[in-house]
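*Asks:* just to be clear, the model below is a prediction. Sequence and coordinates:
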Amino acid sequence: MTSAFLLDMSRCIGCEACVVACKTGNELPIGRQYIELIEHTSGTFPNLTGGFQNQRCYHCSDATCVAVCPTGALFKDDGLTRLNRDACSGCGYCVQSCPYDVPKMSDGRASKCDACASNVGGGGSPWCVTTCPGKALKYGDREEILAEAHQRVDTIKGRYPNAQVYGETQAGGLGLILVLPDDPETLSIPADPPPTPASANLWKNWVQPISMGSTAVAVAGLGVLGVIARRNHIAEMNEVEGSEEAAVAAGDGSEGINDA
Amino acid sequence: MARVELDITRRQFFGAGLAGAAAIGAGTSPLAMRYPDPPWFATGEVTTTYNYCDMCPWKCGIAVQSVDGKVLKVDGNINDPKSRGMLCGRGQGGVSFMYDPDRLQSPMIRTGERGEGKFREVTWEEALDYTAEKILAIKEQYGPESLAIFGHTTGDFWFTDYFAQAWGTPNAGKPSSALCLSPRDEACNLTLGYPVGGHEPMDWDEIECVTFIGSHVGEDSRNTVMQDFIDARDRGAQIIVVDPRFSTAASKADYWLPIKPGTDTALLLAWVNVLIEENLFDREYIDQYAVGYDELEAHVKDLTPEWASTITELPADQIRETARVMGQRHPKAAIMPGRHTTWYGNDSQRMRTVFIINSLLGAYGRHGGMYFDKSPFIDSYPHPPFAVTGSAGGCSAEPGEEVSDELPLGPSGKARADGARETFLRGATAMQELIDPMINDDPYRIAGLIVYGVNLLNSVPMPSRTIEALKKLDFILAVDVLPQEHIAWADVVFPEATFLERYDELSTVPYKTPFIQMREPAVAPMYDTMPGWQMARELGLRVGLDAYFKWETVEEYLDTRLRSVGSSLEKMHDAGGVLIQEGKPYLEDFGDESPFRTPSGKIELFSEELAEAGFDPIPVFEPTEEPPDGYFRLLYGRVPVHTFAKTQNTPVLSDVYPENELWINEDEAAALGYSNGDRVWLENEAGDRTGPIPVKATQRIRKDAVFMAHGFGQQSEGLTNANGRGASDTKMMSRYKLDPISGGAGMRINFVRLVEGG
């Protein structure tokens, strides 16, 4: 049994209660956000349709982010993609490889929805689900969520002839099952995200376990990855901000870069 | 209930009484091993207090979770009929509002010139004594009526209602009246004999067709309305949205009518025409409950969809079809009364047309239409008769109750200074009409002002006129949580404890099932702040109003009231923070008694009262002024995570939506050489400028108007997040048009153009 979210876009009214509940429930600092609502519009005035893309983790079964994560900070649990930020080296591979463009770097580490792991562990629901005034969100057993998604699609076909379930098969099956009023592209969601590159899986399945098995190798590996990570991060900061501090930090390689 | 159980489950899971980290370390889940930081609810005993949210005027019941004296989370109270366990983003931001580092922390007395913002911190004793001395001097010299009291948000009761009535000024006002609700409530009074009531009593559970005229459900994130709207729509209710802008609501609608701004009454009259011509209305209901049908029928005879089409720029077929969609579903169909209805200065007549249509649909008191709301029963705390009754005006009557529209008189015999009965017919105090008397002493001098929680320079139109008034007043007391722009003009500043830090008056909610909500503090007031009830009481005791403040503590006040309904503070807390009573929602609950307390005792399609006062007894379409070449009509509204000009500085909400955007038709923007994200300034016809604001070039709006969220573009250096962010709609309002029936200030008659630089 695995868990999943149901997100019924026919019921989402774009109020962003989920966005703020997620920030407050997870005590995310200013600047960090796991859910972002992006307004979409199709057509020209006055023949328009519109909706909100909920940009948030899709919890892929074949999660590229997990495959490329060198430290095991990203891992699968209960069908969901969790993140232990303490174990994150800040390499940014997950950011670069996610087919949905979800993880972000924040304070030098990866940042994304972990399905309120700490909250649901005690039997509760993720914060976004409990607060949603449109009741567009649900959380539960993935099989039941899928069945409900199909039922919902049948219910809304009258209003939305092209309604469909999204996430049953994509990326090995998602932990975020969407009920979409129309084709996913109308909300800039890829109909079929690119699969995890074979090389990443190879690395994940063979190289990482071996290296993690040996403390010495792991430490050495992390050291190397740490340097790569720092280099990537600094390059990114220079590119984005061109800030003097970042350049200085790059020069002396100080640990303080995460706070810069 | 489920919420409470969840908390217990969580605590059990993490091991009650154990340190969170240790509990997690010892947890059975391998997952727990990977999370070194315990979540907030595992770091100690979670205390739940009950409250009603103050982040918008809707007042959802909330459960407030604290650990070790720190408030950590608010959630919808599962027992509350309005929140039902859910809460919008603004409500979720309540904790951040309380912990905003920019809060006013100490009472202050001005040291510099007015407007300079220079103060010295003083003790409460000094601030209260000084204020008492100043307002007593005003009373001595000019009479008690010369103190005006403006108030907004939930705690304003203690100043705008209680203190004002005890003190004896009829010049108390709230922006929620003449800057918002007045036209709809006075039109409802004139038509049905009672005001709409705070919660737009639509019978969502059974409704089959809902029409919005400029209501932005979704962007206006009133929790209950969003829940009910989505459920009704999911059941198959037809949704009709009339809006110059493709709002979120429009994106959920079955019919979107992109109307030309200012022409709504023409559309509404054409709908009346179709309902009558095609016999799609409830004739039996009208015969039994309404007067003036024959006059109405004759009045709309030529007001066809074709006639309205040329005015509204909507296809006649669309007008006809939407009227049929409504009419075929009567009485389970209604037009949402909406809230902010002060648009063009003829707004009461537009709103009367809305209520006439709802009446033709037979909606009032019918299942699936508009139910009759009822206020909960509870006694007041005993007090001597007030010196003035109904200071802030307003209309508290409910269906079946007599509406009093008598003008309150002050103890020295002076009536309200807002021009009521002279420049406008009836209704609550028109707050914006009290500004001129402050400047030119006409009809008499207003010498003092207490402003509680109103963001004065970012909500009242013509802010430069307001500043002129602020310069001239003898005394200004500002009560607030944050250093809003107008604070710099105050003589004394009282910093208030937020809603999470204080007891407050009970919230009595007129509803299908009337109910009472409590507010109890989650933590003690931070800094040197004080709850509003305590400020009002301390001030009252210093100005000779002891008899009105007999209670020693607010707990005693609240307990006394609650005992009249067999409860108490403790019992109410144990019951989950809410007391629910029985309502009287449908016609059948009234028996032979009429719920319509108009002069005729019926729904007045034709208004004798308006005819006698020289107004059109049946609404007539009046064109509104068009924008000059190169200018756009300025429309304003909401974004879901902000309320009024109140939450723009709240850290978590500012993080999600830091500045407003200027919606402009994509083709118009291109013609002007602008594209998405370009930062522009706005200039009105008077030459005032505001900005910069990023352009949102979109197909979602007509070419003759621009739109932006209200409340941004504030200018106060004390507001780290709000200062200088975005553009201010209020600062573009160099004029407004007074609605001669309700006293409402029509504000959508201001035109702006896009310019470079401020």
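*Replies:* Structure's in. What do you need?
*Asks:* C-alpha only now, for contacts and for neighbours.
*Replies:* OK.
*Asks:* what's the offset of stretch B:221-236 from the middle of its chain?
*Replies:* In terms of CA atoms, centre = their mean, to the nearest Å, the centre of stretch B:221-236 is found 19 Å from the chain centre.
*Asks:* now it: average pLDDT?
*Replies:* Taken as a whole, stretch B:221-236 carries a mean pLDDT of 97.
*Asks:* give me the low-pLDDT residue ranges for the stretch 1-150 of chain A?
*Replies:* Low-confidence segments of the stretch 1-150 of chain A, defined by pLDDT under 70: A:121-122.
*Asks:* let's see that with 90 instead.
*Replies:* For the stretch 1-150 of chain A, the stretches with pLDDT under 90 are A:1, A:117-124.
*Asks:* where exactly do the helices run in it?
*Replies:* A:17-25, A:64-68, A:93-97, A:117-120, A:127-131, A:142-156 (DSSP state H, counting those that start in this stretch).
*Asks:* report the distance from the shortest one to the chain centre.
*Replies:* It refers to helix A:117-120. With CA atoms, centre = their mean, you get 16 Å for helix A:117-120.
*Asks:* picking that back up, okay, the helices of the stretch 1-150 of chain A in JSON lines with mean neighbour count and distance to B:V578 next?
*Replies:* Output for these, formatted as JSON lines (neighbours: other CA atoms under 10 Å in any protein chain shown; distance: least, CA to CA, whole Å):
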{"stretch": "helix A:17-25", "mean neighbour count": "26", "distance to B:V578": "23"}
{"stretch": "helix A:64-68", "mean neighbour count": "26", "distance to B:V578": "47"}
{"stretch": "helix A:93-97", "mean neighbour count": "20", "distance to B:V578": "47"}
{"stretch": "helix A:117-120", "mean neighbour count": "20", "distance to B:V578": "27"}
{"stretch": "helix A:127-131", "mean neighbour count": "24", "distance to B:V578": "19"}
{"stretch": "helix A:142-156", "mean neighbour count": "18", "distance to B:V578": "33"}
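*Asks:* B:I435 is nearest to which of these?
*Replies:* Evaluated over the helices of the stretch 1-150 of chain A, closeness to B:I435 peaks at helix A:17-25, with 37.5 Å, by CA to CA.
*Asks:* who in chain A is up against chain B?
*Replies:* For chain A, the contact set with chain B under CA under 8 Å from any CA of the partner chain comprises A:11, A:13-21, A:23-26, A:30-31, A:41, A:43-46, A:48-51, A:77, A:84, A:86, A:118-119, A:122-124, A:130-135, A:156.
*Asks:* rerun that using 6 Å as the cut-off
*Replies:* Taking CA under 6 Å from any CA of the partner chain, the part of chain A that reaches chain B is made up of A:13, A:15-17, A:20-21, A:44-45, A:49-50, A:122, A:131, A:133-134.
*Asks:* what's the next secondary structure element after the longest strand seen in chain B?
*Replies:* With secondary structure taken from DSSP state E, chain B has its longest strand at strand B:689-698. Per DSSP states H and E, the first helix or strand lying C-terminal to strand B:689-698 is strand B:705-709.
*Asks:* angle of that following strand against strand B:689-698?
*Replies:* 110 degrees (axes from the mean of the first three to the mean of the last three CA atoms, to 10 degrees).
*Asks:* returning to that earlier point: neighbour-wise, which of the residues of chain A next to chain B leads?
*Replies:* Among the residues of chain A next to chain B, A:P133 has the most neighbours (other CA atoms under 10 Å in any protein chain shown), with 35 neighbours.
*Asks:* so B:H199: helix, strand or coil?
*Replies:* Here B:H199 takes the coil state, with states given by DSSP: H, G, I helix; E, B strand; the rest coil.
*Asks:* let me redo that: B:K73
*Replies:* Per three-state DSSP, B:K73 ends up strand.
*Asks:* among the residues of chain A next to chain B, which are in strands?
*Replies:* Per DSSP E, those map to strands at A:44, A:49-50.
*Asks:* quick one: contacts for A:A200?
*Replies:* Contacts here follow CA atoms under 6 Å, 6 or more residues apart in numbering or on different chains; on that basis A:A200 touches A:67-68.
*Asks:* for it, what is the enclosing helix or strand?
*Replies:* Assigned by DSSP H and E, A:A200 belongs to helix A:198-202.
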